[in-house]
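# coordinates for the following, if possible.
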Amino acid sequence: IKVSDNAQKEKLIGHLERHEKINAQTAAQILDRAPGTARRILGEMVTEGFLVTEGGNRNRTYRLLVRN
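I've put the predicted structure just below:
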């Protein structure tokens, strides 16, 4: 059964509403997916304007974009 990307994104947003940041490894555990899949979804969320990144490659974290 393939869970839609939207449902997976909602899971990540829910986590980020409770925690300040997330990395790809944690996202992969939450989604029960490979880290590469988690990175793809996180990248889409950055492109869509939901998340911003901090740090580079191996130390990259993601947090919710604060909208006023």
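
# going forward, measure contacts between C-alpha atoms and count neighbours the same way
Noted.

# pLDDT weak spots in this protein?
For the chain, applying pLDDT under 70 flags the ranges 1-3, 67-68.

# how does it look with 80?
1-4, 66-68 (pLDDT under 80).

# what about the strands in it?
Taking DSSP state E as the criterion, the chain contains strands spanning 51-54, 61-64.

# number of residues surrounding Leu64?
Per other Cα atoms under 10 Å, the neighbour tally for Leu64 reads 20.

# name the nearest residue to it, ignoring sequence neighbours.
Closest residue to Leu64 apart from its sequence neighbours, by Cα to Cα, 6 or more residues apart in numbering: Leu51 at 4.5 Å.

# residues in contact with Leu12?
27, 30 (Cα atoms under 8 Å, 6 or more residues apart in numbering).

# quick one: it and Ala34, what's the gap?
15 Å (Cα to Cα, to the nearest Å).

# how near is the closest residue to Asn23 other than its chain neighbours to Ser4?
Spatial nearest neighbour of Asn23, excluding adjacent residues (Cα to Cα, 6+ apart): Thr61 at 4.6 Å. With distances taken as Cα to Cα, Thr61 is found 23 Å from Ser4.

# quick one: residues contacting the residue minimising distance to the centre of the chain.
For the chain, the residue nearest the mean C-alpha position is Leu42 (3.8 Å; Cα atoms, centre = their mean). Applying Cα under 8 Å, 6+ apart to Leu42 gives the contacts 9, 24, 51, 62.

# again with Ile30
Going by Cα under 8 Å, 6+ apart, the list of residues near Ile30 reads 11-12.

# and for the residue nearest to Asn23, the neighbour number?
20.

# I figured it was touching Ala24, is that so?
Yes: contact criterion Cα atoms under 8 Å: Thr61 and Ala24 qualify, at 7.5 Å.
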